[in-house]
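**Student:** sequence and computational prediction follow.
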Amino acid sequence: MKNAGTFIFTFISVSLITSFTASAYLDPGTGSIILQTLAVSALAIGVGWRFLGSYIKKLFGKKTDEVDDDEEIEETDENADEEDEQ
């Protein structure tokens, strides 16, 4: 472990001391792609965090009696029929 740390420190030190000019060119399209990648990554993390949070809340939240939507519709139809008869 100590040898790995020494190697990394030496490598970074030598790289900084003997730095050369970079012969790289970034055109405007590359910058646009980088910005789009950062924006999409931030949105994906936010959406994933929201889904994860709601899943955890459902997992550890209070248990409530869930009523099927079909049963509610049938009950309201029966109540409406009874009101029509009166």
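**Tutor:** Done, it's in. Keep in mind the model is a prediction, meaning the values are calculated, not measured.
**Student:** which parts of stretch 12-27 are buried?
**Tutor:** When burial is assessed from 16 or more other CB atoms under 10 Å, stretch 12-27 yields no buried residues. Every C-beta, even on glycine, is put in place using the N, C-alpha and C of the backbone.
**Student:** which secondary element of this structure has the worst mean pLDDT?
**Tutor:** Of the helices and strands making up the chain, the lowest-confidence element is helix 69-85, at a mean of 58, by mean pLDDT, DSSP states H and E.
**Student:** what is the neighbour count of Pro51?
**Tutor:** You called it Pro, but residue 51 is Phe. A count of nearby residues for Phe51, using other CB atoms under 10 Å, gives 10.
**Student:** over to it: give its phi and psi.
**Tutor:** phi -60, psi -40 (degrees, to the nearest 10).
**Student:** with Gly61 instead?
**Tutor:** The phi and psi values for Gly61, taken as degrees, to the nearest 10, are phi -80, psi 180.
**Student:** helices of the chain, start to end?
**Tutor:** Taking DSSP state H as the criterion, the chain carries its helices at 2-17, 28-60, 69-85.
**Student:** least reliable of the ones you listed by average pLDDT, please.
**Tutor:** Note on the helices of the chain: helix 69-85 shows the lowest mean pLDDT, a mean of 58.
**Student:** what's around Phe7, how many residues?
**Tutor:** Neighbour tally, Phe7, other CB under 10 Å: 10.
**Student:** measure it to Val40 for me?
**Tutor:** 36 Å (CB to CB, to the nearest Å).
**Student:** same check, this time on Thr21
**Tutor:** Noted for Thr21: a distance of 32 Å to Val40, by CB to CB.
**Student:** and Phe11, by the same measure?
**Tutor:** Counting by CB to CB - Phe11 and Val40 are separated by 33 Å.
**Student:** ok, now Thr6?
**Tutor:** Counting by CB to CB - Thr6 and Val40 are separated by 39 Å.
**Student:** cool, Ser23 as well?
**Tutor:** Distance of Ser23 to Val40, computed by CB to CB: 30 Å.
**Student:** one more: Leu16?
**Tutor:** 33 Å.
**Student:** go on, Pro28?
**Tutor:** Distance, Pro28 to Val40, by CB to CB: 19 Å.
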